[in-house]
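1. coords below, sequence missing:
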């Protein structure tokens, strides 16, 4: 059986991205591999073994075009209301909280936030399939 271990995104500024993911989601550097033309930074926390890999191409000076194929990363939290308030207080500008209830019953409560490079991140209340 295959095991999902990480997802990779390209970022422009290592320090800015590491700071964002640490503040927003408690991710810390698990490993950092530095090469001549790029650096790989693996971020994780104690909640899961899954990692976020940040790739920094050293010759890149302009923002990446995220295109129309990227969707979002997702994190689940114990208290989505508190997390929304915390991220707002940090000045990270999360979007509004949403109760997703397509058939009248709430199946997810969430909000989105963008990282410094514009990647969209969904933050979901831990419940149902989003444990």
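-> Perfect, I can see it now. All figures in this text were calculated on a predicted structure; none of them were measured in a lab. Numbers count the residues shown, from 1 in each chain.
2. rest of the way, CA atoms for contacts and neighbours
-> Noted.
3. any low-confidence regions in the protein?
-> Along the chain, the model assigns pLDDT under 70 to residues 2.
4. the longest strand seen in the chain packs against which elements?
-> Secondary structure of the chain per DSSP state E: the longest strand is strand 48-57. Secondary structure elements in contact with strand 48-57, counted by 3 or more CA pairs under 8 Å, 6 or more residues apart in numbering; DSSP states H and E, are strand 6-10, strand 38-45.
5. buried ones in it, by neighbour count?
-> By neighbour count on 16 or more other CA atoms under 10 Å, the buried set for strand 48-57 is 50-57.
6. in its sheet, what does that strand sit against?
-> Here strand 48-57 has these sheet partners by DSSP bridges: strand 6-10 (parallel), strand 38-45 (antiparallel).
7. looking at these, which is closest to residue 74?
-> strand 6-10 (11.1 Å; CA to CA).
8. how far is that closest one from where the chain is centred?
-> Distance, stretch centre to chain centre, for strand 6-10: 10 Å (CA atoms, centre = their mean, to the nearest Å).
9. hmm, who's touching it?
-> Residues from elsewhere that reach strand 6-10, judged by CA atoms under 8 Å, 6 or more residues apart in numbering: 50-57, 64.
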